[in-house]
Each structure stands twice: as C-alpha cells, then as structure tokens.
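Below are the sequence and a predicted model; questions follow.
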Amino acid sequence: MTIQSSVQIGNVIRNAVVFNVKNWLGDTMNTDSLLESVEQLFALLETREIEYVLVGGIALLHYVDGRNTEDLDLIMGLSSLDKLPEINVASQDMYFVRGEYEELQIDILLTKNPLFEHVQKNYSVYRHFLEHDIPFASVEGLILLKLYALPSLYRQGNFSRVGIYETDIATLMHEYKPDISKLTGELSSFVNESDMVEIENILSEIQQRIERFQKGLS
C-alpha cells in the first residue's frame, strides 16, 4: 500500500481520532481541521527547510495495510524544533518531545539519541505527495526503531504496545525480507548487552511466527 497524498495522511489521523471512544467525551474536536493542519505542517517544514523523517504508524502505512494512528511521529533535531515555534510543546525529556500543531498531536524523536540520528541519516527515503517531498523512514529504519523500543516497553509492562510493535516488525519482515542480521549488528552499537539478548530472543520468536504462517499457507 502506498499513501498517495498528505491529505490521506490527514484522513488516517482524523479517522483514528473519530473512532477512538476515549475522544467522545468533552469538547468535540473539529476533525476536518486535522486535514488542513497536516497539509500546513508539511508546508511549514518545507518552507523552514527543516530536516526530519516521518516515522511511526503513518510511515508504516507506506509499506503495509491496516495500521492506524492518532498522531504524527517525526525524527528531528532540537535545533530544528526551535525553528518551529508554532508547535506547542506539552512535554519534553532527553530524547522525546510531545507537542501540538493546532489540533494535530506530534511526537518528536530527538536526534540527540544516537539511534534516532542514525535512522535519520541512513534510513530515509523521499516520496512526493501533492507539492511536498516527504522523507519517510525505510523498512529497515522502522524495524530498527521498533526493536530499539521493545525492551523498554517490556519493562514498562505495556502489553498492548508490545503486541503492536512486534506485529509491525513481523509484517515488515514477512513482506520485505530485510537483512535482519545486518540490522541487529547495527543495533548492538546502540543498546546494552542484556537488551540485545532480549531483542534477539524476540526476533527468534517472530521468525518462528512467520514460519508457522508460511507453513499454514502451504
């Protein structure tokens, strides 16, 4: 599946907001304005010559069907964020920023994190949507980011996100057959030894899952 335009990106976000029951209480969000906000944000990033990479659920939709999300996820340097005063920062720590642009929620992965910087520099591909050239994380870049996040999600006991991330990885591995040994070799430079062991165990389980699926097809 290939996203054809940033308007469709807006539609994905709008639909995710509308159909999330948690959003049915309180003030009604003008979801149609999300479409305009997405278009304006990409135009702003282009005009300001901001270096960024689109990651997360929207980027994943460029490669596989069935993903949904309520926000935009971007890799960006803190200096680039300083050029975007229109983004209202709600929270910030060493590697992550959560903010809003009008009614659009944005999660920013800061390049101060060495892996995020690595993905931005080495695993992005440009696609033209309407009048914008948008850099997406590649399949390999998305897998690196999700594998990197999994040990922390396990420690947090975040069962639902663990399941989503592992399914994302499995789907990308099945559909695109990336060189996983190369990626794990790279990832070992960015995580500690115990996390790397856990990541390798997760990948082994995912590979078994793929093999069971392929046997079922045959």
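Perfect, I can see it now.

could you pull out the helices for the protein?
When assigned using DSSP state H, the helices of the chain occupy the ranges 6-18, 32-47, 56-60, 78-82, 114-122, 139-156, 159-176, 180-187, 193-217.

count of residues packed around Gly216?
7 (other C-beta atoms under 10 Å). C-beta: built from backbone N, CA, C; applies to glycine.

Please look at Tyr95 and Asp107 and confirm they touch.
No - Tyr95 lies out of contact with Asp107 (C-beta atoms under 8 Å); the separation is 11.2 Å.

before we move on, back to that, nearest to His132, of the helices of the chain?
Nearest to His132 among the helices of the chain is helix 32-47; the distance by C-beta to C-beta comes to 4.7 Å.

Let me see the contact set for the residue nearest the centre of the chain.
With distances taken as C-alpha atoms, centre = their mean, Gly56 lies nearest the centre of the chain, 1.1 Å away. Taking C-beta atoms under 8 Å, 6 or more residues apart in numbering as the criterion, Gly56 is in contact with Thr69, Asp71, Leu72, Asp73, Asp107.

Which of those residues ranks first by neighbour count?
Sorting those by how many neighbours each has (other C-beta under 10 Å) puts Leu72 first, at 25 neighbours.

Is that residue in contact with Ser37, as I believe?
No - contact between Leu72 and Ser37 fails when scored by C-beta under 8 Å: they sit 9.6 Å apart.

who touches both of these two?
Shared contacts of Leu72 and Ser37 (C-beta under 8 Å, 6+ apart): Leu104.

All set, thanks.
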